[in-house]
Every structure is written in structure tokens, then in C-alpha cells.
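S.K.: Got a sequence here, can you build the structure:
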Amino acid sequence: MDTQRLILFFIFGFSVLMLWDAWEKEHRPKPVAPVSSSVVVPSPASPAAPPVKPVAQAAGAGAIPGAATAAAKGETVVVRTDLVVAEFDTLGATLKHLELLKHKEADDSTKNLVLLGPEYHYEAQSGLTGDGGPNHRTLWQLQTGESSLAAGKDTLEVRFSSPGKDGVVVTKTYRFRRDSYVIEVALEIRNEGTQAVTPYAYFQLTHDGKSAASSNSVAQTFGAQSFHGFAVYSEEKKFQKVKLDEIDKDKADYVKRASDGWFAFVQHYFVAGFLPAAKQAREYVMEKRADGIYVGRTLIGAGTIAPGASATVSVPLYAGPQERNRLEAVAPGFDLVVDYGWLTVIAWPLFWLLEKFHSLSGNWGVAIILLTIMIKAVFFPLSAASYKSMAKMKLITPRMQKIRETYEHDRQKMNQAMMELYKTEKINPLGGCFPILVQIPVFIALYWVLLAAIELRHAPFVLWIHDLSALDPYYVLPVLMTLTMIVQTRLNPVPPDPVQAKVMQFMPFIFSIFFFFFPAGLVLYWLVNNILSIVQQWQIQRMFDRGKPAHAKR
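M.R.: Numbering: from 1, shown residues only. Next comes the predicted model:
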């Protein structure tokens, strides 16, 4: 199999696989949402984690004793920091809206991106389990709160309180910090009753499971879709994705009890996750409520609280962009939410290099060009071997054509004559294939880096390209890339098979169609790579043409 056939087979197979995957997603039967009125969490076997009582409707799937009635309405409390605008509802003291001031909506660059909000039933809720409450359906009272982060101050607090049963009073505090997407959520539980209590706190995220519209939706259809769903991390099981369709089927496999780690809801570019402290026993529950809303939660015991005493359960909430430096700083393994596909081990070093080039150039487009040049330099020997093999094949193309004509009706003799020709000219017909195969994992990994890195979202390059993560608005880069592919085809040896030659002639146009729907950053990488390949291949071809033997000219 020569290089052209390998490329043709790779493109055709990739296209069929992606189209089949897209068809399956569109036509597979939709699972029926399980109906559940309560959640009962089994007791941990570990002595480090005390038994957890039933979470009597902690997820809000049904009526909670002592909770506010459906007619009750809360008030909205709005606060603003240097990075976010947050809205709370006193019904549940729930974080129901979170707007990111440094990031814009994908389809409207004039609007700030809304991460948490009613559009996707995306909320951060918390409270006490059981019928004692209070919980996210209880009407809370605003105690103290500032509307904005004052100049010269580094923190801002919003505090709510609500009584539960048996003399339990809970104060819920949200604490924001300057230049941080971490919100500390603390439940201070005071026992004003006459008997000791052993309450359990829950912290949960809700979402309807729908994906936000993306400017890369066409590219995602062809297999470039980032993970969208829950994730759990623990030292024992490490990073685990919890797919929503697995929750539908009640087949989700994830760690249920741990003394470390976190859980989060992951989407393209952004993440929200509760991050309990290490050495704090907790349980994780992922489910789908009867109303179709997905819920992920962690449950943490507050210990036994004597009359007149109090205890605090505090769990930080990160809700913001998937910026690697921020993710690494908040919790171990939290940076794994960035979805670099199945070649993460290669993708991380590539992104590290991309960051270094950006720090030098100050432009992510220039950083992509520099990274492409560096990768091309690393693979220069392999590419040279591939192009030398192509050049040799091009020299003997007329002789190969003559052999095909001579043994047109005897395929066995034709193959024998071809192999004898390869042996005489010292040509390995697979010499052009192996270097390409070695580079494919690196290309795929870089593809995912450019697709998943939020640093490239809305990052400008030059002139008309204002967003490297979006399509080229005037399709200049895809057109240029198509032209470079045509030039590459002309430099390659013409296949002796007329049908194959015709297919290869149209291949640049067929393959380039994909790039009209890919983000500008990806097309820029391929364009620069093609230009460098053309220069290298042209130079090698010149060297061979100068030393062309006399019999090769016939």
C-alpha cells in the first residue's frame, strides 16, 4: 500500500466512523427517566465514615417535611466581584445564577457568559438531609451581605439563616475572594435544643443535561465533542467520568465513598465542582430526578453536636473556566476536567509548549505557528524519509506504468516485476507510510489541545480573525489550506492506477470540506504544517531531480 492509498483509507475510514457515530447519537432510543421519590444512601463500611442517614428527598424529587410549600417565593440577592456576578434565591439560599465577567457568550460577544442559570436548571444547592432541614426548599432569611466587592477588600460574604427541627439553626455563608472563581460554602449548625443531634450536610449541582450551543458544533458532529456530564475524583479511583446516559440506565460506575477528592459537572471550556477538604469522609450520589433534572451531590457528616454547641461543614465551590493554572491550584486532579481526548499524555506537554510560546509572543495565533514549526522540526528526519521515498517513487513512475501495460492481464507477473523494480532501485514502497503513521498521534493530540483549551476561546489572531476557537468568518484560511493540498498532490507521484489517480486528484477538495467547519486555530495549524511540508518536499524533490539517473528519464 503506497502513501496515497494510506491517506485515502485513513480519511475514508475516519469519515465513515464519525458519520456512523453521529447517526447513532441521533437515532438511538431515548432512555426513560427513573422515578424516585427519595434517595437512601447505604452506610459506609469504613469506620472513618459514620453511617449516613437516608437523604429524605434531599435532591428535591418530592416534598420535604418542614420545607417551604410550592406557593412560597423567595427574593433575589445579587452580589458582584471582580470576576463574577452571582444571584441567590432566599428560597433555599441557592446560587441560581452565575455570570462570568471575563468570558463572553459563544454566539454573542457583547454578553457575559452565564455559567449557572435557569436556562439549563443549573444551580448549586446545599442544606441538611432528612426531615429536620433546612434544605434547598426552605425559605431562608438574608442576614448580612454586601452588593459588591469594595476597593481594597479581598473578600465578600453573603449570609443566610434558617431554623430546622429540634432546635437546630443553620447559617449558610457564601464567601467570595478577589481574583478567584472559588466560592466557599459553609453551613454553621447550632444546636439550640435539649438533645444532641447528628446532622448530615449535602452539597449538590443540578443540570438538565443539555449542551450549550457551540460555534464548533459541526466539528463536534465529526467526533470532536468534549465531555459533557459529571466527574468524580478520588485517590483510590482517580478521575472518573460519569456519563449522563449511564445515569439514565442506572449503570454509572464511580466511587461512592471516599475520604478525599471532589465531584463536578463538566462542559466544554467550563466546570463547576464541590471540593471537600481532604481526610473528610464523604459520599457521592449521581441520579436523575423524576422531573428529568440530573443531580450530583456529596454528603458529609457534621458529627455529634451537643446542646448549646455548634459545628461547621465547609465545602469550596469552583465555578468558572477550565484554566489550567487555576484548576491545579484548587484541588488535586481538578485539572483533569480539561478534556484532551484519549491522547492526554501527549496533549498536556503540547499545551505546556503552546503556553510558553504564547508568553513569548503574546498572541495565541503566533504561538500556534511557533509550535507547528517546532513539531515539524522534531519530525524533520521522519518527514524527510517519507518525502525521499515519494521522490524515488515519482522517478520510477513511468517504468511502473510500462510494467502495468506489459502485464495488464497477468497480475501475478505484474506484482513480481514491481517488486523486482523496487529491489533494483532500492525503494521501500512502505517507506512513505511509516513516518506518517508515527506522527498521527501527535497531530490528533494537538487537534484536541486546540479544540479544548479555553485560552484560545475568543482569542484574536490578526485582521479578520477575532476568535481562534470559532470558524474563519471569511473562510480565507480554509481556502488557502485547500490550495496547499492541491500543491502537495502535484508534488506527489501520480498513482499508476487511473481510477486511483483520479480520486487523488479530487482528494484535496473533498478533504478540505471538513476544514471549512473547523475552528480557525485548527485550520491555521494545518495550513502552516502544509506550507512547511511543501517547502521540505520541494527541496528534496529538487535534490533528486538534479541527480536523476539516465534510465529514470525514459
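
S.K.: quick one, phi psi at residue 305?
M.R.: In terms of degrees, to the nearest 10, the main-chain angles of residue 305 are phi -110, psi 120.

S.K.: wait, isn't it in contact with residue 187?
M.R.: No. Using Cβ atoms under 8 Å, residue 305 makes no contact with residue 187, being 11.9 Å away. Any C-beta I mention is one placed from the backbone N, CA and C, and that applies to glycine too.

S.K.: what about the two, which has more around it?
M.R.: residue 187 (24 against 18; other Cβ atoms under 10 Å).

S.K.: what are the bridge partners for the more buried one, then?
M.R.: residue 172, residue 313 (DSSP bridges).

S.K.: List the residues that contact it.
M.R.: Neighbouring residues of residue 187 by Cβ atoms under 8 Å, 6 or more residues apart in numbering: 126-128, 170-172, 201, 302, 312-314.

S.K.: Contacts only, for the nearest residue to residue 74 once chain neighbours are set aside.
M.R.: Closest residue to residue 74 apart from its sequence neighbours, by Cβ to Cβ, 6 or more residues apart in numbering: residue 91 at 2.9 Å. Neighbouring residues of residue 91 by Cβ under 8 Å, 6+ apart: 68, 72-74, 137-140.

S.K.: Please tell me the pLDDT value assigned to residue 91.
M.R.: We have a pLDDT of 96 for residue 91.

S.K.: can you check the one 10 residues further on too?
M.R.: As summarised for this prediction, residue 101 has a pLDDT of 96.

S.K.: helix, strand or coil for the most centrally placed residue in the chain?
M.R.: Nearest to the centroid of the C-alpha atoms of the chain, with distances taken as Cα atoms, centre = their mean, sits residue 339, at 3.3 Å. Recorded secondary structure, residue 339: coil (DSSP: H, G, I helix; E, B strand; the rest coil).

S.K.: residues in contact with it?
M.R.: Taking Cβ under 8 Å, 6+ apart as the definition, contacts of residue 339 comprise 226-227, 266, 268, 448, 452.

S.K.: quick one: contacts for residue 190?
M.R.: Contact analysis of residue 190 by Cβ under 8 Å, 6+ apart lists 168-171, 305, 309-310.

S.K.: Quick check on those: which are buried?
M.R.: When the contacts of residue 190 are checked for burial by 16 or more other Cβ atoms under 10 Å, the buried set is 168-171, 305, 310.

S.K.: that older thread, mind listing which of the contacts of residue 339 are in strands?
M.R.: Members of the contacts of residue 339 lying in strands (criterion: DSSP state E): residue 266.

S.K.: got CSV for the contacts of residue 339, with neighbour count, distance to residue 515 and pLDDT too?
M.R.: Formatted as CSV, the contacts of residue 339 follow (neighbours: other Cβ atoms under 10 Å; distance: Cβ to Cβ, whole Å; pLDDT from 0 to 100):
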residue, neighbour count, distance to residue 515, pLDDT
226, 20, 19, 81
227, 17, 24, 90
266, 22, 27, 96
268, 22, 20, 92
448, 23, 16, 86
452, 24, 18, 87
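
S.K.: ok, so of the contacts of residue 339, who is nearest residue 251?
M.R.: Ranked by distance to residue 251 (Cβ to Cβ), the contacts of residue 339 are led by residue 227 at 17.0 Å.

S.K.: what about the stretch 401-550 of the chain, any weak spots by pLDDT?
M.R.: Low-confidence segments of the stretch 401-550 of the chain, defined by pLDDT under 70: 428-436, 493-501, 504, 541, 544-550.

S.K.: so where do the helices sit in the stretch 401-550 of the chain?
M.R.: For the stretch 401-550 of the chain, the helices defined by DSSP state H, counting those that start in this stretch occupy 411-425, 434-452, 476-491, 498-515, 520-546.

S.K.: The stretch 151-300 of the chain too?
M.R.: 217-221, 244-248.

S.K.: Reformat the helices of the stretch 401-550 of the chain as a markdown table; add distance to residue 150.
M.R.: Shown next, in a markdown table, are the helices of the stretch 401-550 of the chain (distance: least, Cβ to Cβ, whole Å):
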| stretch | distance to residue 150 |
| --- | --- |
| helix 411-425 | 78 |
| helix 434-452 | 36 |
| helix 476-491 | 46 |
| helix 498-515 | 49 |
| helix 520-546 | 39 |
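
S.K.: Of those helices, give the one that comes closest to residue 79.
M.R.: When the helices of the stretch 401-550 of the chain are compared by Cβ to Cβ, helix 434-452 sits nearest residue 79, at 30.8 Å.

S.K.: Name the helix or strand of this structure that has the lowest mean pLDDT.
M.R.: Ranked by mean pLDDT, DSSP states H and E, the helix or strand of the chain with the weakest confidence is helix 217-221, at a mean of 44.
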